[in-house]
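Chemist: sequence and predicted structure, then a few things I'm wondering about:
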Amino acid sequence: MKNHNVQTISAVRLWAVLLLLSLLVSCASDQGQEQWMAIPENCAEEDIIVGVAWPFSVTQPQIWEGLTMARDEINDAGGVLGARICLWRQDDQSSERKGRLIAQQFADHADQVAAVIGHYNSSVSIPLTSTGVSPCSWLVK
């Protein structure tokens, strides 16, 4: 009987350690969000920044190719009212959590981000509309 209790306690401790490790890893992974979500260095202060939130890692790259071609054509023709377009690419990986972080980052830079293209999946975009971090909530003031 005593051996069974020791095994149970050991199993509970193991699960507790695994749970703690998973929480630490998930918290640590969010600490670097500012770095990977920073406005691209090639965007100048006078540029028109367009946020692009898309599941680039899980869909075909044609959307990005089309966007960069359009950006290049517009910029080569003198931009929009003389300002270059700069694309701020973010991969939401079809994840509601990542989509929420990206939308919040775009909203936090609402004074610099003129427009947002995305999210591709309704499972990412629809939940954002009820949280107050939807790009629509800060574009319409």
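Modeler: Arrived safely.
Chemist: please enumerate the strands of this protein.
Modeler: Along the chain, counting by DSSP state E, strands occupy 48-54, 85-91, 113-118.
Chemist: can you say which of those strands is nearest to residue 107?
Modeler: strand 113-118 (8.3 Å; CB to CB). C-beta: built from backbone N, CA, C; applies to glycine.
Chemist: which residues sit against that closest one?
Modeler: With contact meaning CB atoms under 8 Å, 6 or more residues apart in numbering, strand 113-118 is reached by 48-54, 67, 88, 90, 92, 103, 106, 125, 135, 139.
Chemist: can you rerun that using 6 Å?
Modeler: Residues outside strand 113-118 that contact it (CB atoms under 6 Å, 6 or more residues apart in numbering): 48, 49, 50, 51, 52, 53, 54, 106, 135.
Chemist: number of residues surrounding the closest residue to the third one other than its chain neighbours?
Modeler: Spatial nearest neighbour of residue 50, chain neighbours left out: residue 115 (4.9 Å); criterion: CB to CB, 6 or more residues apart in numbering. Using other CB atoms under 10 Å as the criterion, residue 115 is surrounded by 13 other residues.
Chemist: before we move on, back to that, who wins for proximity to residue 40 among the strands of the chain?
Modeler: With CB to CB as the yardstick, what comes closest out of the strands of the chain is strand 85-91 (5.9 Å).
Chemist: alright, that wraps it up for me.
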